[in-house]
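K.L.:
here's my sequence, what's the structure:
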Amino acid sequence: MSVDILQEKIRKTKNPSVLELILPVSDLPSRFARNAEGYAACCGELMEHLKGIVPAVRVSFNAFVLLGHDGLYHLSETLKKAAELGFYVLLDAPEILSPASAKMTAESLLGEGSIYPCDGLVISGYLGSDVIKPFLPYCKKAKKDLFVVARTANKSAPELQDLLAGTRLVHAAAADHVNRYGADTAGKSGYTNVGILAAASSAESLRNLRAKYPKRFLLVDGYDYPNANAKNCANAFDKFGHGAVVCGGMGITCAWKEAESGEEAYLDHAKAAADRMKKNLTRYVTVL
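P.N.:
Below you'll find the model as predicted:
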């Protein structure tokens, strides 16, 4: 089970965080070309420098596609490099707007022989069951993980995701929907291959999700947002410090921009930021 592999890597590194390889092309250190090749080169160096420190990486499909005709090639190469370096590899799927595109995405990204090797995908399930179901056979047979968006951390998320729908908030209804799937995929860790993406900005939401869905692994998104912090994130973990992982993005990848020494030491700044994130999280979470 992939989620078992993720949990074991977290235990080995004592670091419940994910390196999210996302940054504007304009924020690449100047020695990198402002294209897909330069973006991939920067991502590769970051992964090499943080190997053994951070257990997992999260890559955006769209980030590469939007950088030109060779974006897909460099996406594939970046995913392969991440796997070779020993990371658990999570891929944000392209936007899915129909059942047909869901089926195509599942086959292309999780099917046998895919040129986009990954351990799990992030998708939005807000279109309903027919955009989730095409991925489920791969969770069961190919041991892939699926994290379905319930609550995001962006500032305007409450405008829709925290609206009251009957007796539930919309994002709670979305999480209830995700909980219908993958109950038979629980592995040695006790967590299923179908998990929930939740928000680092909402301690109450994380507390409720952890209590209500003890077998669902939580991907905690948005650690870099101003309204998020490690104390909030601690609510996503069980009493053993298991069952969740927290995504850190530009706070790590763009850490050099906040430092006086500048971009020449951008890798050292990224490592220092990753270490700070680990220290902050483990102040509240003890991974046993």
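
K.L.:
C-alpha from now on. contacts and neighbour counts both.
P.N.:
Will do.

K.L.:
quote the end-to-end distance of stretch 212-224.
P.N.:
From the first residue to the last, stretch 212-224 extends over 26 Å; the measure is C-alpha to C-alpha, to the nearest Å.

K.L.:
heads up, I number from 10, so please use that
P.N.:
Right, with 10 as the first residue, what we last looked at is stretch 221-233.

K.L.:
for that stretch, what is the average pLDDT?
P.N.:
For stretch 221-233, mean pLDDT rounds to 97.

K.L.:
mind listing what's buried in that stretch?
P.N.:
By 16 or more other C-alpha atoms under 10 Å, the buried positions in stretch 221-233 come out as 222, 224-233.

K.L.:
which ones are touching the most centrally placed residue in the chain?
P.N.:
Nearest to the mean C-alpha position of the chain, counting by C-alpha atoms, centre = their mean, stands Arg67 at 4.9 Å. Shown in contact with Arg67 (C-alpha atoms under 8 Å, 6 or more residues apart in numbering): 27-30, 98-101, 256.

K.L.:
at 6 Å what do you get?
P.N.:
Applying C-alpha atoms under 6 Å, 6 or more residues apart in numbering to Arg67 gives the contacts 29-30, 99-100.

K.L.:
how about a markdown table for those residues, with secondary structure, neighbour count and pLDDT added?
P.N.:
Written out in a markdown table, the entries for the contacts of Arg67 read as follows (DSSP: H, G, I helix; E, B strand; the rest coil; neighbours: other C-alpha atoms under 10 Å; pLDDT from 0 to 100):
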| residue | secondary structure | neighbour count | pLDDT |
| --- | --- | --- | --- |
| Glu29 | strand | 24 | 98 |
| Leu30 | strand | 23 | 97 |
| Leu99 | strand | 25 | 98 |
| Leu100 | strand | 25 | 98 |
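
K.L.:
with distance to Tyr125 added, can I get those in JSON lines?
P.N.:
Rendered in JSON lines, the data for the contacts of Arg67 read as follows (distance: C-alpha to C-alpha, whole Å):
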{"residue": "Glu29", "distance to Tyr125": "17"}
{"residue": "Leu30", "distance to Tyr125": "15"}
{"residue": "Leu99", "distance to Tyr125": "11"}
{"residue": "Leu100", "distance to Tyr125": "9"}
